[in-house]
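Q: Provide a 3D model corresponding to the input given below.
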Amino acid sequence: MIKKNDKKPLKKSNNKNSYDESVNVSKIKLSDKGSVRHAVFLNPERIEHIKRRMDGGYIKNKKSADWMLSKPGVGDVVLELKGGDVEYAVAQVNAAADYAAANKLTCGAMAALILCTEHPGINTKIQRAMHAFAKKFKGPIHTRNRSGEFVFEHVLSFNGPEKL
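A: Here you go, the predicted structure:
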C-alpha cells in the first residue's frame with residue numbers, strides 16, 4: 001500500500017480518479033513527506049470525505065496547493081503546507097481552486113488553509129490576493145504558522161478555522 005504522504009496515486013476506492021481517496025475516519029490527516037506541517041480535520045461522525053492530491057496528482061509540474069479535502073454537500077478546503085513564502089502559497093491555493101472549479105471537482109463552498117513554518121506576514125499584495133479568492137470562491141483563505149486540528153466547517157467560515 002502506498003503511504004498517504006507520498007506524491008503517488010492514493011488508494012483508489014469508489015472514486016473515478018486515482019488521486020482521490022475516500023475516507024471516513026474520526027481524524028483525517030493531510031501531510032506531505034518532508035514537511036513539518038500537517039492538518040488534522042476532526043470528523044467524529046465519521047462522515048465520508050474525499051482527499052484529493054492536487055500537487056503532483058491532478059496538477060503536475062505547475063503551480064498548485066498540496067491537497068483539497070472535500071465534504072460532499074458542504075464544501076471544499078484547499079490546503080497548502082508551506083515553508084515561509086506565504087505570497088507564493090496564496091498563488092498556489094488560487095491555482096488549485098481554479099483547477100478544481102474548472103474540472104468540476106468542487107462540491108460546495110470553498111476555503112483555503114495555509115500552514116507555514118514562519119509567522120505569516122500579511123502585506124497588501126497578499127491581502128488583495130486573499131480578497132480576490134474570497135470574491136471569486138465565496139470563501140476565506142486562512143494562514144497559520146502551526147499544525148493543528150481543525151473542524152471542516154470552521155475553516156469554511158470567515159471567522160477563522162478555530163471557531164464559527
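Q: drop to CA atoms for contacts and neighbour counts, all remaining ones
A: Noted.
Q: Spatially, what comes nearest to residue 71 if we skip its sequence neighbours?
A: residue 49 (4.7 Å; C-alpha to C-alpha, 6 or more residues apart in numbering).
Q: Contact partners for the one you found?
A: Contact analysis of residue 49 by C-alpha atoms under 8 Å, 6 or more residues apart in numbering lists 22, 23, 24, 69, 70, 71, 72.
Q: where does residue 135 fall, phi/psi-wise?
A: As for residue 135, its main-chain torsions (degrees, to the nearest 10) stand at phi -70, psi -40.
Q: okay, it: pLDDT?
A: pLDDT, residue 135: 95.
Q: Next one: it from residue 49, what distance?
A: In this view, residue 135 and residue 49 are 25 Å apart by C-alpha to C-alpha, to the nearest Å.
Q: beta partners for the residue nearest to residue 71?
A: For residue 49, the beta-bridge partners under DSSP bridges are residue 23.
Q: Distance-wise, check it relative to residue 159.
A: Counting by C-alpha to C-alpha, the gap from residue 49 to residue 159 is 23 Å.
Q: now swap in residue 38 and tell me
A: For residue 38 relative to residue 159 (C-alpha to C-alpha), the value is 21 Å.
Q: Compare those two (neighbour count), which wins?
A: Ranked by neighbour count (other C-alpha atoms under 10 Å), residue 38 and residue 159 place residue 38 first, with 20 against 12.
Q: who's in contact with that one?
A: For residue 38, the contact set (C-alpha under 8 Å, 6+ apart) comprises 29, 30, 31, 32, 81, 115, 147, 148.
Q: Repeat the analysis, applying 6 Å as the threshold.
A: 30, 31, 147 (C-alpha atoms under 6 Å, 6 or more residues apart in numbering).
Q: which sections of this structure are below the confidence cut-off?
A: Scanning the chain with the threshold set as pLDDT under 70 gives 1-16, 119-122, 163-164.
Q: Can you find which helix in it contains the most residues?
A: In the chain, taking DSSP state H as the definition, the longest helix is helix 86-102.
Q: So which residues make contact with that helix?
A: Residues outside helix 86-102 that contact it (C-alpha under 6 Å, 6+ apart) are 63, 64, 65, 106, 126.
Q: Pop out the phi and psi values for the nearest residue to residue 55 once chain neighbours are set aside.
A: Nearest non-adjacent residue to residue 55, counting by C-alpha to C-alpha, 6+ apart: residue 66, 4.8 Å away. Taking degrees, to the nearest 10, you get phi -70, psi -50 for the backbone angles of residue 66.
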